[in-house]
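got a predicted structure here, sequence first:
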Amino acid sequence: MHLTSAFSLTFIQWKDALESFKESSHLLPFFIEGLYGDRSIWKKHVSPKTLQRLFSNWDFSLPDITTFKEAEDGTVKFLMKLPDGMEVETVLIPFYKRFTICLSTQVGCGMNCSFCFTGTQGFKRNLKAGEIVGQYLKAREWLLERYPSSLRPSIVLMGQGEPLHNADEVGKALKVLTDSKLGGVGHRQITLSTVGFVPGLQKLSSFPKVNIALSLHSPFQEERSLLIPVNDKYPLQEVMTYLDALPLLPRQYVTYEYLLIKNFNMSDQHVEALSDLLGNRRAILNLIPFNPFPDTLWERPSESQINTFKEKLVQKKLRVMVRTTKGSDILAACGQLKINRLSVKNGRNG
């Protein structure tokens with residue numbers, strides 16, 4: 001029998017579970033502290049009988065790190081094995097005084113975006129909430145072993161998969177991760193990136209109020225569809241309607257991710273159209289120089305081309321950032337994640 005992951009349960013669900021076992025309410029904080037921190041605390045405060053009952057009802061395992069690679073800039077890419085033997089990539093990204101963990105939400109991806117290496121893998125399955133939370137906890141565990149004093153890592157849901165194509169499980173995972181008694185990650189420390197999958201956008205109102213980022217990449221319908229095929233079914237203007245309806249926190253913005261592709265989407269016409277689209281919205285335009293991957297047709301622009309395009313946008317009074325490329329030498333940068341092998345019953349494939 002396949003057990004539900006212990007890391008998919010909310011604090012209230014754990015409270016109800018322990019009450020159903022006739023356990024004293026004083027046990028709950030010690031149990032949660034052990035679950036999300038040092039399990040040695042259970043030896044002092046949780047009886048073997050209670051632990052046996054808990055372990056027989058839920059799965060307390062985390063994903064296994066099959067392999068990991070460390071880039072020259074300190075970025076670490078993990079290959080994590082899930083209970084059914086399938087694998088996903090999770091990335092630990094160093095920034096000033098803090099790390100960010102990039103989580104996958106699906107094995108593969110069904111969006112087939114032409115700029116993304118993951119899309120060439122195809123869609124295998126959705127991850128469960130506990131598997132999403134488990135990636136974060138496993139990467140954090142690895143981090144704390146090496147940097148014990150590091151701050152709690154931030155999260156970006158920008159790994160393999162379209163998070164809103166798996167909205168129900170992603171929403172559950174975010175409720176666990178943002179619960180101060182469980183994952184303890186602040187709402188503003190989490191960013192969810194989407195290509196604009198409307199059925200998932202319609203469910204965002206039930207999510208914790210994390211930061212939202214849209215993969216924009218072009219303000220023009222035909223160009224955007226070339227990069228993001230789902231744009232044909234859910235066009236940009238429809239997507240913007242849902243984003244405009246989001247209840248933003250004070251000083252919170254929607255981030256619009258814009259892939260910079262040489263000789264494609266960096267003309268003066270693009271500058272004007274982006275100004276018209278975002279000028280009156282609470283928006284940050286995040287410029288992402290294209291990260292090449294094997295057999296791609298797209299090219300990365302030069303630093304001078306990037307800076308020129310940015311300055312033209314700034315002159316239009318848009319809020320603009322350029323994302324620093326991290327981990328490109330190990331194919332861990334934005335758009336470069338792809339599993340080259342998947343576990344199968346009789347060995348390895350690929």
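Cool, the structure landed. Numbering: from 1, shown residues only.

low-confidence ranges, the chain, go.
For the chain, applying pLDDT under 70 flags the ranges 1, 118-119, 325-350.

max-length strand in the protein?
Assignment by DSSP state E gives strand 87-95 as the longest strand of the chain.

partner strands of the helix or strand following that one and their direction?
Per DSSP states H and E, the first helix or strand lying C-terminal to strand 87-95 is strand 98-102. Applying DSSP bridges, strand 98-102 is found paired with strand 87-95 (antiparallel), strand 154-157 (parallel).

now render these as CSV, adding distance to Asn57.
All C-beta spots, glycine's among them, are computed from the backbone N, C-alpha and C. Shown next, in CSV, are the strands paired with strand 98-102 (distance: least, Cβ to Cβ, whole Å):
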stretch, distance to Asn57
strand 87-95, 26
strand 154-157, 28
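
among those strands, which comes closest to Leu35?
Between Leu35 and the strands paired with strand 98-102, the tightest spacing by Cβ to Cβ is seen for strand 154-157, at 18.5 Å.

and the next helix or strand after the closest one, what does it pack against?
With elements assigned by DSSP H and E, the helix or strand that comes after strand 154-157 is helix 167-178. Here helix 167-178 touches helix 129-146, strand 190-194, going by 3 or more Cβ pairs under 8 Å, 6 or more residues apart in numbering; DSSP states H and E.

can you lay out these as JSON lines showing distance to His165 and mean neighbour count?
Converted to JSON lines, these look like this (distance: least, Cβ to Cβ, whole Å; neighbours: other Cβ atoms under 10 Å):
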{"stretch": "helix 129-146", "distance to His165": "13", "mean neighbour count": "21"}
{"stretch": "strand 190-194", "distance to His165": "9", "mean neighbour count": "23"}
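
make CSV out of these and add distance to Asp276.
Formatted as CSV, these follow (distance: least, Cβ to Cβ, whole Å):
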stretch, distance to Asp276
helix 129-146, 37
strand 190-194, 22
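
give me the distance between Pro301 and Leu214.
Pro301 sits at a distance of 21 Å from Leu214 (criterion: Cβ to Cβ, to the nearest Å).

also Lys172?
22 Å.

neighbour count: those two, which is higher?
A count of neighbours by other Cβ atoms under 10 Å puts Leu214 above the other of Lys172 and Leu214, at 22 against 19.

I'd like the next helix or strand past the helix or strand encompassing the more buried one.
Using DSSP H and E, Leu214 maps to strand 211-215. On the C-terminal side of strand 211-215, the nearest following helix or strand under DSSP H and E is helix 221-227.

now that next one: buried residues?
Buried residues in helix 221-227, counted by 16 or more other Cβ atoms under 10 Å: Glu223, Arg224, Ser225, Leu226, Leu227.

what sits up against the helix or strand just after it?
Helices and strands here follow DSSP H and E; after helix 221-227, the next one along the chain is helix 236-244. With contacts defined as Cβ atoms under 8 Å, 6 or more residues apart in numbering, helix 236-244 is touched by 196, 198, 201-202, 204, 212, 214, 216, 219, 221, 224, 254, 277, 281.

show the contacting residues for Val210.
Val210 touches Leu174, Thr178, His187, Arg188, Ile190, Thr191, Leu192, counting by Cβ under 8 Å, 6+ apart.

returning to that earlier point: dump the buried residues of helix 221-227 to a markdown table, plus distance to Asn263.
Formatted as a markdown table, the buried residues of helix 221-227 follow (distance: Cβ to Cβ, whole Å):
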| residue | distance to Asn263 |
| --- | --- |
| Glu223 | 12 |
| Arg224 | 17 |
| Ser225 | 18 |
| Leu226 | 14 |
| Leu227 | 14 |
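
for these, which one is nearest Glu162?
Using Cβ to Cβ, the buried residues of helix 221-227 come closest to Glu162 at Leu227, 13.9 Å.

distance of that closest one from Trp298?
The value you get for Leu227 to Trp298, if Cβ to Cβ is used, is 9 Å.

shared neighbours, the two?
Ser114, Phe115.

tell me where the stretch 251-350 of the chain has helices.
Using DSSP state H, counting those that start in this stretch, the helices found in the stretch 251-350 of the chain span residues 268-278, 303-315.

give the buried residues for the longest one.
Just to be clear, that refers to helix 303-315. Across helix 303-315, burial judged by 16+ other Cβ under 10 Å covers Ile306, Phe309, Lys310, Lys312, Leu313.

so for this structure, the centremost residue is which one?
The residue lying closest to the centre of the chain (Cα atoms, centre = their mean) is Leu157, at 1.1 Å.

contacting residues around it?
Cys102, Leu103, Thr105, Pro163, Val170, Ile190, Thr191, Leu192, Ser193.
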